[in-house]
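In: Next come a sequence and a model predicted from it.
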Amino acid sequence: MLRIKELDSGYGDITVLKNISLNVDEGEIVSIVGANGSGKTTLLNTISGILSPKKGEIWVEDQRIDNLPPHKITELGIVQVPEGRRIFPLMTVYENLMIGASLPRAKAKAKQNLEYVFDLLPRLAERQNQIGRTMSGGEQQMLAIGRALMAEPRLLMLDEPSMGLSPLLVSTVFEVIAKIVEQKITVLIVEQNVKKALGLSKRGYVLENGFISMEGSSDQLLNNPHIKKAYLGM
Amino acid sequence: MGFLSVVANGLSMGAIYGLIALGLTLIFGIMRIINFAQGALLMLSMMVSYWLWAATGINPYILVIIVGPIMFAVGYICERCLIKPVLDEQKDVREPVAVLLLTAALAIVLENAALMVFGADYVMAKTSFSTSTIALGPVTVSAARFYGLIIALLAAGIFYLFLHRTQVGCNIRATGQDRNAAALMGIDVPKTYAIAFGIGTALLSVAAVVLIPFYYVHPSVGAVFMTKAFIVVVLGGLGSIPGAVLGGVIIGLIESIGAQYMAATLTAMLVYLVFLLVLFVKPTGIFGSPYDW
């Protein structure tokens, strides 16, 4: 579904990602793990069109997307839940969700998707009229996920959903992601929490200093001595 | 003039200042651009309204149906053809200075073009309500100013509802609060910028049609209102809608009440004095916050 070929990307003169190639198949759940500053967010922002690649190609099925503006990429169903939630701080929960459904394709199914989101994240239903920035970190993360689901994603990309959350909340967020996978939505998850991410996905990539240093099945990666030592503290 | 009438006149002028400031605050709130051409665009709206009135004789208030869309188009095209290319060059800059200079240049061009096309004459749409007054109990107000107050408040209310109740309005607010998150949700951010600029300019057409029955139009009329609009916006809080309306009313009241008790030059000073005072006490303005959309 998503194929990236020999991608270089970065900011201004600085190249952060070098020669990235990866693919995500329909219905799959794939994780990209790596430490702070390894280029995980740069990668997702390049896929989403917030950043333009310096080199390489990004394909969604048979359409090349690396020159499309971000809203066109979202229109194709490639939806990102950005790092640090980035909900609209002065809008209510309901308004935030409806911004997610502003694309014509999503608007037609807004009612049905809203029911699904409220069913999946009942907390949002209770807090429909609360202003975004007054919610706790965990609630904001749920809202960011709910907002992305309103956009009818075919590929949902999550950028560090565990960031700044307590271990208990991290588990809740990952339970929610597991339920989303059941809906036949393809998921690409980018995480520092290697154990949680690889525990959920079938396949993974390890990003180190802008390169993909390893790839394989999640089990393989979790048992790899280097990963155990560098990321899992074992 | 009785004190209440003075207050009423101040209120109406203040509401019009607020209306002009709304466009400024909208464009700043969404695009982080201070539009120095706001005054010149007001002048253009007034000129277009005046000449349409002179040509057709239609009630100036009704002319807003024609002038509004014209000014929306002017703003939209200005953004797309002039501002966007510069903005794209500076896309990683939070408050792009080159765009600011561009709007200042646009103001100069518009003023001189108006001087060339319309001449330097002072003109006014002398309608039946230009000189008549309305008595509301003990209060006597100029009819044109009274209608101006009602229309300006109505426009501000409609504008507020537009931002909160329509999809386009919500998209505009979302873009102002977080443009990257808005883009990720499928909002066409460059187009939203152009629409916001167009609406900010179209709001001026409302101010223009309520002004021309009692205020002289000339090519540099924009400068008078530009300074006031700046003060209003900073006073109320840059980016805040209630702030723009309240700031406008405060300035209008100071001017009109002050003029009753002191020389006009002193009144102008008083406005700046209050302005400075607010800045000393609350630098972000009355309703100021980092983001207000």
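Out: Okay, I see it. Numbering: from 1, shown residues only, chains lettered A, B, ... in the order given.

In: Chain A contacts on the stretch 1-150 of chain B?
Out: Within the stretch 1-150 of chain B, the positions adjacent to chain A are residue B:92 by Cβ under 8 Å from any Cβ of the partner chain. No exception for glycine: its C-beta is placed from N, CA and C like everyone else's.

In: Just give me the neighbour total for the closest residue to chain A within the stretch 1-150 of chain B.
Out: Residue of the stretch 1-150 of chain B nearest chain A, by Cβ to the nearest Cβ: residue B:92 (7.4 Å). A count of neighbours around residue B:92, defined by other Cβ atoms under 10 Å in any protein chain shown, yields 8.

In: Residue B:272 too?
Out: By other Cβ under 10 Å, 12 other residues sit near residue B:272.

In: Now the stretch of helix or strand it belongs to: average pLDDT?
Out: Remark: residue B:272 resides in helix B:264-281, with elements defined by DSSP states H and E. For helix B:264-281, mean pLDDT rounds to 87.

In: If you count neighbours, what's buried in it?
Out: Residues of helix B:264-281 classed as buried by neighbour count (16 or more other Cβ atoms under 10 Å in any protein chain shown): B:267, B:270-271, B:274-275, B:278.

In: what does stretch B:150-158 give?
Out: Within stretch B:150-158, the residues scored as buried using 16+ other Cβ under 10 Å are B:151-153, B:155-156.

In: Could you do stretch A:59-78 as well?
Out: Neighbour count says stretch A:59-78 has A:60, A:65-66, A:68-78 buried, by 16+ other Cβ under 10 Å.

In: tell me which parts of chain A are close to chain B?
Out: Checking chain A against chain B by Cβ under 8 Å from any Cβ, the hits are A:11-12, A:48-50, A:69-71, A:74-75, A:79-80, A:82, A:86-91, A:95, A:98-100, A:102-103, A:106-107, A:147-148, A:151.

In: Please narrow these to those residing in strands.
Out: A:11, A:79-80 (DSSP state E).

In: Neighbour-wise, which one of those residues leads?
Out: Highest neighbour count within those: residue A:80, with 32 neighbours (other Cβ under 10 Å).

In: so that residue touches residue A:147, yeah?
Out: No. Between residue A:80 and residue A:147 there is no contact under Cβ atoms under 8 Å: 10.7 Å.

In: I'd like the average pLDDT over stretch A:49-61.
Out: Over the span of stretch A:49-61, the pLDDT mean works out to 95.

In: returning to that earlier point: quick one: which of the ones in strands among the residues of chain A next to chain B is nearest chain B?
Out: Closest to chain B out of those is residue A:80 (5.0 Å), distances taken as Cβ to the nearest Cβ.

In: Quick check: beta-bridge partners of that closest one?
Out: For residue A:80, the beta-bridge partners are residue A:157 (DSSP bridges).

In: what sits against it?
Out: A:44-45, A:47-48, A:148, A:157-159, B:184 (Cβ atoms under 8 Å, 6 or more residues apart in numbering or on different chains).

In: what's the neighbour count on residue A:108?
Out: Residues lying near residue A:108 (other Cβ under 10 Å) number 12.

In: where are the low-confidence patches of the stretch 51-200 of chain B?
Out: B:94-95 (pLDDT under 70).

In: For burial, what's the neighbour tally of residue A:122?
Out: Per other Cβ under 10 Å, the neighbour tally for residue A:122 reads 11.

In: oh, I was asking about residue A:218
Out: 20.

In: Same check on residue A:178?
Out: For residue A:178, the neighbour count with other Cβ under 10 Å is 13.

In: and what of residue B:98?
Out: Residue B:98 has 12 neighbouring residues, counting by other Cβ under 10 Å.

In: Report the next helix or strand after the top helix by length along chain B in sequence order.
Out: When chain B is parsed with DSSP state H, its longest helix is helix B:3-31. Going down the chain from helix B:3-31, the next helix or strand is helix B:38-56, by DSSP H and E.

In: Strands along the chain, start to end?
Out: Assuming you mean chain A. Going by DSSP E, chain A shows strands at A:2-11, A:14-24, A:29-33, A:55-60, A:63-64, A:78-81, A:155-159, A:186-191, A:203-208, A:211-217.

In: actually it's chain B I care about, not the one you picked
Out: In chain B, the strands defined using DSSP E lie at B:133-136, B:139-142.

In: any idea how far residue B:83 is from residue B:45?
Out: Distance from residue B:83 to residue B:45, counting by Cβ to Cβ, to the nearest Å: 18 Å.

In: which of the two has more neighbours?
Out: residue B:45 (30 against 25).

In: ok, the more buried one touching residue B:204?
Out: Yes. With contacts counted by Cβ under 8 Å, residue B:45 reaches residue B:204, the gap being 4.6 Å.

In: Now for the closest residue in space to residue A:211 that isn't next to it in sequence: which residues touch it?
Out: In space, and not counting its chain neighbours, residue A:211 is closest to residue A:18: 5.6 Å by Cβ to Cβ, 6 or more residues apart in numbering or on different chains. The contact partners of residue A:18, by Cβ under 8 Å, 6+ apart, come to A:8, A:210-211.

In: Just give me how far the longest helix seen in chain A sits from the chain centre.
Out: Scanning chain A for the helix with the most residues, using DSSP H, yields helix A:167-182. Here helix A:167-182 shows a centroid-to-chain-centroid distance of 13 Å under the convention Cα atoms, centre = their mean, to the nearest Å.

In: Report the angle between that helix and strand A:186-191.
Out: With axes from the mean of the first three to the mean of the last three Cα atoms, to 10 degrees applied, the angle from helix A:167-182 to strand A:186-191 works out at 160 degrees.
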